[in-house]
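Q: Following is a predicted model, sequence given first.
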Amino acid sequence: NKAIVPLEFKKLTLNGDYILATNETTTGRVFDFTGKEYLAGHNIYGNAENKYFLINENDSIKLVLIDGNNLYDYGIINNIGKFYSSKVDEEKVTFQFLDTKTNGKCIEIVYDISDNSGEYTSNKMCGIN
């Protein structure tokens, strides 16, 4: 009988042990089932396997862990639209977002686990292989 996520959000997505609460701008916040907020004060763009989160911190897109540990700073990425998909394998963490400047293309954000490097590419075909 207790609200664990503020009522200001339009959509709640259950992701394992966490709830991703989003609003009409497609950014959101992360809560656990007790109502504890993670990555407080940041807009969450998406997550992969409830371990890797893309956040906006001071207009810079960063890949962080749920505890806030910063893995990579991508800098300013323009035209990020709605979250499309994510994938984690042994070598890489990959996110795709619809590109607001193109019709049907995606921005792909990749983190290489082996050497802690990252890159992003716009105008990619949507769909992660």
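A: Perfect, thanks for sending it.
Q: quick one, helices of the protein?
A: For the chain, no helices are identified by DSSP state H.
Q: which residue ranges form the strands in it?
A: Listed in chain order, the strands of the chain (DSSP state E) span 11-15, 18-22, 28-32, 37-38, 43-48, 52-57, 60-65, 70-75, 80-88, 92-99, 105-112, 117-125.
Q: Based on its surroundings, how many neighbours for the closest residue to G35 other than its chain neighbours?
A: Residue nearest to G35 in three dimensions, not counting chain neighbours: I4, with 3.6 Å by C-beta to C-beta, 6 or more residues apart in numbering. C-beta: built from backbone N, CA, C; applies to glycine. By the criterion of other C-beta atoms under 10 Å, I4 has 14 neighbours.
Q: Quick check, pLDDT for I4.
A: pLDDT for I4: 79.
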